[in-house]
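Enquirer: Provide a 3D model corresponding to the input given below.
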Amino acid sequence: MLKPLLPLLLIAALGACNKKNDKPEGETKADPMVVTASAPLLAQVKIETSHTAPVSDTIRVAGRIDFDEQRLARIGSSVNGRVTDLYAQLGQSVNKGEVLARLHSSELSTAQLAYLKSKSQMELNRRNVERAQALFATDVISDAELQRRSNEFEIASAETRAARDQLRVLGLPQSSIDQLGKSGAIDSIAPVVSSIKGVVVERRVAAGQVVQPADSLFVIAELSRVWAIAQVPEQQVSQVKEGQAVQIEIPALANDKLVGKLIFVGQTVNPETRTVLVRTELDNKDGRLKPAMLATMLIESVPVERLVVPHSAVVREDDTDHVFIALPDNQFRLIRVKLGPAHNGHRVVLEGLKAGEKIVVEGAFHLNNERNREAD
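Expert: Numbering: from 1, shown residues only. The predicted model follows:
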């Protein structure tokens, strides 16, 4: 009785196994990078079309703080002489017209003596002309004699003017020249006077030193404004223009960022360093900035249209950047992208995305959580 039942039981068992192993026709494995958003999740998602925007790269170059050369004066003596007195010290603040040093000059004495002689001769010739005019009026002398004496006076006058001009060249003010003409007292002491108000940043003279007009004895700088200068590599100089905004970081001031604008971009390339000089001007009324301080200049380059995505669209997964693109039927695909530096709340897209694609700009974090949940 059992033998006829065995084949039937075996057939039934095999049929059951086949039903378990069979898969529905058309069923495929789900894509782990695609997620379907439910209605509540979809309400948290915002979709926008990827687009381009003007982006400025930041050029970072090493530089330093320097003197404003328009507020810098190199002070020297206007005559040859020997230094007798020194008044200005390194780091001292001085006013315009303040005497920095005095020196003895035989050249100045000689020029004063020449002026007194020419002035005396001019006065003598002037009186001769006056007498000659009186004699000519009474027919005592001829017209030719009057003309000769007048010419001698004109020559003496010209020599006097030339001697007076030479004293001005040697640094003697007009008031001193007038006093010399009245008193006739020669003074061989010549002052060295500051031409601007500022700080003595260099002193290149010592007492007893013989100096000449070509020597720079003092350097005076007005430090209420200073320059920040840097050298831009020639490969990047096309991205730099006058008027561009720059930031300057000063390590000595805890990397405080100062803001300025480029006021100068060099027109030549340094053949040794292959760089171009750029310069900006900074306010320094508080005196914090010292010439020769190291600085880093951050220059915003000329804007260029680049494909960008907002920070909120970026999903960080497996140490790489991704964004979600929208698909039909409320589905979204996570794609890998290569992004550049941040700029005004956006990231520059280097690879993986094209302009015009629909991307998720809000709710990407929640979409990725749902995707990971479905994948588990």
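
Enquirer: residues contacting the residue nearest to Val211 when sequence neighbours are not counted?
Expert: Closest residue to Val211 apart from its sequence neighbours, by Cβ to Cβ, 6 or more residues apart in numbering: Ser77 at 5.1 Å. Every residue, glycine included, has its C-beta placed from N, CA and C. The contact partners of Ser77, taken as Cβ atoms under 8 Å, 6 or more residues apart in numbering, are Leu103, Ser105, Gly171, Ala190, Val192, Val211, Gln212, Pro213, Asp215, Leu217.

Enquirer: you'd agree Ser77 is in a helix?
Expert: No: counting by DSSP: H, G, I helix; E, B strand; the rest coil, Ser77 is not part of a helix but coil.

Enquirer: distance of the most centrally placed residue in the chain relative to Ser78?
Expert: Most central in the chain under Cα atoms, centre = their mean is Thr280, positioned 2.4 Å from the mean C-alpha point. Per Cβ to Cβ, to the nearest Å, Thr280 is found 36 Å from Ser78.

Enquirer: again, but for Pro173
Expert: For Pro173, the distance to Ser78 (Cβ to Cβ) stands at 11 Å.

Enquirer: which of those two has more residues huddled nearby?
Expert: Set Pro173 next to Ser78 and count neighbours by other Cβ atoms under 10 Å: Ser78 wins out with 19 against 12.

Enquirer: okay, and the nearest residue to Ala162 once chain neighbours are set aside sits in which element?
Expert: Of all residues beyond its chain neighbours, the one nearest Ala162 is Ser118 (7.6 Å), with distances taken as Cβ to Cβ, 6+ apart. Using DSSP states H and E, Ser118 sits within helix 106-137.

Enquirer: buried set for that helix?
Expert: Using 16 or more other Cβ atoms under 10 Å as the test for burial, helix 106-137 gives 107-109, 111-112, 114-116, 118-119, 121-122, 125, 128-129, 132, 136.

Enquirer: Ile141 in helix, strand or coil?
Expert: At Ile141, secondary structure determined by three-state DSSP is coil.

Enquirer: nearest residue to it in space, please, no chain neighbours.
Expert: Nearest to Ile141 is Leu135, by Cβ to Cβ, 6+ apart, at 4.5 Å.

Enquirer: now Leu253
Expert: Arg288 (6.2 Å).

Enquirer: repeat that for Thr296.
Expert: Glu249 (4.4 Å).

Enquirer: same check on Glu362?
Expert: Lys46 (3.7 Å).

Enquirer: and that neighbour, what does it touch?
Expert: Per Cβ under 8 Å, 6+ apart, neighbours of Lys46: Val360, Val361, Glu362, Gly363.

Enquirer: could you flag which of those residues are buried?
Expert: Members of these classed as buried by 16+ other Cβ under 10 Å are Val360, Val361, Gly363.

Enquirer: who does the first one bridge with?
Expert: Read it as Val360. Applying DSSP bridges to Val360 gives these bridge partners: Ile47.

Enquirer: that one and Leu42 touch, don't they?
Expert: No: at 10.6 Å, Val360 and Leu42 do not qualify as touching, with contact defined as Cβ atoms under 8 Å.

Enquirer: tell me which element the residue lying closest to Gln244 once chain neighbours are set aside is part of?
Expert: Of all residues beyond its chain neighbours, the one nearest Gln244 is Leu262 (5.0 Å), with distances taken as Cβ to Cβ, 6+ apart. In the assignment (DSSP H and E), Leu262 maps to strand 256-265.

Enquirer: which secondary structure elements does the longest strand belonging to the chain contact?
Expert: Ranked by residue count under DSSP state E, the longest strand found in the chain is strand 331-343. Applying 3 or more Cβ pairs under 8 Å, 6 or more residues apart in numbering; DSSP states H and E, we find strand 331-343 packed against strand 34-36, strand 304-310, strand 320-327, strand 346-351, helix 364-375.

Enquirer: try 6 Å
Expert: Helices and strands touching strand 331-343, by 3 or more Cβ pairs under 6 Å, 6 or more residues apart in numbering; DSSP states H and E, are strand 34-36, strand 320-327, strand 346-351.

Enquirer: isn't there a strand covering Val61?
Expert: Yes: under three-state DSSP, Val61 falls within a strand.

Enquirer: hang on, the earlier thing: got a pLDDT number for the residue nearest to Ala162?
Expert: Note for Ser118: predicted pLDDT of 94.

Enquirer: and the nearest residue to His366 once chain neighbours are set aside, how many neighbours does it have?
Expert: Spatial nearest neighbour of His366, chain neighbours left out: Gln44 (5.4 Å); criterion: Cβ to Cβ, 6+ apart. Per other Cβ under 10 Å, the neighbour tally for Gln44 reads 14.

Enquirer: can you pull up the bridge partners for Val55?
Expert: Beta bridges link Val55 to Val304, judged by DSSP bridges.

Enquirer: gap between it and Ala342?
Expert: Computed as Cβ to Cβ, the Val55 to Ala342 distance reads 10 Å.

Enquirer: which of these two has more neighbours?
Expert: More neighbours surround Val55 than the other of Val55 and Ala342, with 19 against 12 (other Cβ under 10 Å).

Enquirer: okay but that one is in contact with Glu305, surely?
Expert: No: if you go by Cβ atoms under 6 Å, Val55 and Glu305 don't touch, sitting 7.5 Å apart.

Enquirer: in three-state terms, label Gln166 for me.
Expert: helix.

Enquirer: how about the contacts made by the residue nearest to it when sequence neighbours are not counted?
Expert: Using Cβ to Cβ, 6+ apart and skipping residues adjacent in sequence, the residue nearest Gln166 is Ala111, 5.3 Å away. Contacts here follow Cβ atoms under 6 Å, 6 or more residues apart in numbering; on that basis Ala111 touches Gln166, Leu167, Leu170.
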